[in-house]
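Enquirer: requesting a structural model of the entry that follows:
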Amino acid sequence: FGIHALLIVTVTLSPATAPARSEKNTTGDVCPPLWDLAPENLLDFLVKDNKIVINAWNYQERLGVYKNLLNSSAKYFTAFGSQNFGNILWGLPLQHGWQFRTGRLADPSSVTSCGYEDGDLLCISVRSWWSCMNYYLAIIPFLGAVEAGLFGQLQYEIEILPPEERRADFCYSVADCRSRIPELMDEWKAYFEVNNFTVFFIFSMSPATFSSFELDDALCLMWRAHVSSIAYALPKFQDSLKYLSDPEASFGEDWANAVDFIAATHFSTDLHNINNFQAFLPQRMLVEGDVLPSISDFSPQQNRVLLSLRALHKANQLTGGLLLKLWKKAMSTEAGRKMGRKLIEDLASS
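Expert: Residues are numbered from 1 along each chain as shown. Model (predicted):
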């Protein structure tokens, strides 16, 4: 059973025929949509009443939160490629960009024009399951980084604007989030602790002496916080799935389940890896009538991978989580994780 589980997982995680993308000098085709227009400094956001005010329900501003995280942590990743492309935080904004590009941040109830081209395209709807889940992978990491000192000593407090609905389901400042979700804040703060970064990447200026274990430690903390964010947000926004078609709702839950398996390998979430990895994700929202593995405007590989995600989720449910436990056990050593990552890379390049 363990070998069978391993095969299911590796097939599921494999990008299969995802095209390799070379590192380019322009960011337009490899970075999230509108990346160059996003605020790149905290003072580029609105400053009012001695506070930096961020509208997290605007795509460009939420993207700016990610951009600031990447810019402020860039010095720790100089050994991993030019233009900060080796930064392991790229997975977060690239996933957010995919959500925006595929219409997953728009109002799925269609009651408002939030997120639609004929309305407010940059609006992020609080009725979107994807956008609410993403809040806990954008704003919480950001506020954890603020608390950890990644941005140094700020002269202004940070305030996040609330959405029009469900205000109680989110927190809006370091102090607010610290009081409401201290454990989750601790996990993101642990990743962003400047002292930890210094330990992880002390040899980053000299790649020849760099040990992969420091990067593995950083990936461990990052993935631990990532998985915790999803685990906290999943039950909170379960009721938002009602706005989605059944196929899309199932895909969202399947994807959240798959992240647990990916996280266990300490998969490197740099720009190149994530762009390759996301190539098999659906380019639009799933609708009623989409039946796997025969969605006509999806590639055979996309159909196969979505079907595998579904099978993986069902198998994990049927085994009461045993499948994930087996995978985690296999990935509990550096050698095991290396094997897991290599399986993904080999399958992706075949």
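
Enquirer: quick one, helices of this structure?
Expert: For the chain, the helices defined by DSSP state H occupy 2-13, 59-73, 91-101, 129-135, 139-148, 174-180, 182-192, 194-200, 212-236, 246-264, 271-278, 300-318, 322-330, 334-349.

Enquirer: which stretch among these comes nearest E288?
Expert: helix 246-264 (6.7 Å; CB to CB). Backbone N, C-alpha and C define where each C-beta goes, glycine included.

Enquirer: quick one: contacts of the closest one?
Expert: 9, 12-13, 129-130, 133, 223-224, 226-227, 230, 234, 241-242, 244, 282, 285-288, 290-292, 306, 309-310, 312-313, 316, 324, 327-328, 331, 337, 340 (CB atoms under 8 Å, 6 or more residues apart in numbering).

Enquirer: likewise for stretch 281-289?
Expert: With CB under 8 Å, 6+ apart, stretch 281-289 has contacts from 98, 101-104, 108, 244-248, 251, 295, 297-298, 302, 306.

Enquirer: go again with 10 Å.
Expert: Residues outside stretch 281-289 that contact it (CB atoms under 10 Å, 6 or more residues apart in numbering): 15, 18, 95, 98-99, 101-104, 106, 108, 130, 244-252, 255, 290, 292, 295, 297-299, 302-303, 305-306, 309.

Enquirer: same check on stretch 179-190?
Expert: Against stretch 179-190 from outside (CB under 10 Å, 6+ apart): 136-137, 140-150, 168, 170-174, 177-178, 196, 221-222, 224-229, 231-233.

Enquirer: buried only: go through the residues you listed for me.
Expert: Among those, the ones that count as buried by 16 or more other CB atoms under 10 Å are 136-137, 140-148, 150, 170-172, 174, 177-178, 196, 221-222, 224-229, 232-233.

Enquirer: output the below-cut-off pLDDT ranges for the stretch 151-300 of the chain.
Expert: Within the stretch 151-300 of the chain, the stretches with pLDDT under 70 are 194-213.

Enquirer: redo the helices of the chain as CSV? Include distance to G119.
Expert: Putting the helices of the chain into CSV (distance: least, CB to CB, whole Å) gives the following:
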stretch, distance to G119
helix 2-13, 36
helix 59-73, 13
helix 91-101, 14
helix 129-135, 15
helix 139-148, 23
helix 174-180, 30
helix 182-192, 33
helix 194-200, 41
helix 212-236, 26
helix 246-264, 20
helix 271-278, 26
helix 300-318, 28
helix 322-330, 40
helix 334-349, 38
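
Enquirer: ok, which of those helices comes nearest I160?
Expert: When those are compared (using CB to CB), the closest one is helix 139-148, at 5.7 Å.

Enquirer: does anything pack onto the closest one? Which helices or strands?
Expert: Under the contact definition 3 or more CB pairs under 10 Å, 6 or more residues apart in numbering; DSSP states H and E, helix 139-148 sits against strand 51-54, helix 59-73, strand 157-160, helix 174-180, helix 182-192, helix 194-200, helix 212-236.

Enquirer: return the most buried member of these.
Expert: Of the helices and strands packed on helix 139-148, the one with the most neighbours on average (mean count of other CB atoms under 10 Å) is helix 59-73, at a mean of 22.

Enquirer: could you check how far that one is from the centre of its chain?
Expert: Using CA atoms, centre = their mean, to the nearest Å, the distance from the centre of helix 59-73 to the centre of the chain it belongs to is 13 Å.

Enquirer: picking up where we left off before, buried ones among the contacts of stretch 281-289?
Expert: Neighbour-count burial (16+ other CB under 10 Å) applied to those gives 15, 18, 95, 98-99, 103-104, 106, 108, 130, 244-245, 247-252, 255, 290, 292, 295, 298, 302-303, 305-306, 309.

Enquirer: chain neighbours aside, what residue packs nearest to Y191?
Expert: Residue nearest to Y191 in three dimensions, not counting chain neighbours: L221, with 4.3 Å by CB to CB, 6 or more residues apart in numbering.

Enquirer: hmm, L215 and the one you found touching each other?
Expert: No: L221 is beyond contact range of L215, at 11.1 Å (criterion: CB atoms under 10 Å).

Enquirer: D176 versus P182, what's the distance?
Expert: Using CB to CB, to the nearest Å, P182 is found at 11 Å from D176.

Enquirer: so what sits against both of those two?
Expert: Joint contacts of P182 and D176 (CB under 10 Å, 6+ apart) do not exist.

Enquirer: nearest residue to the middle of the protein?
Expert: L92 (3.5 Å; CA atoms, centre = their mean).
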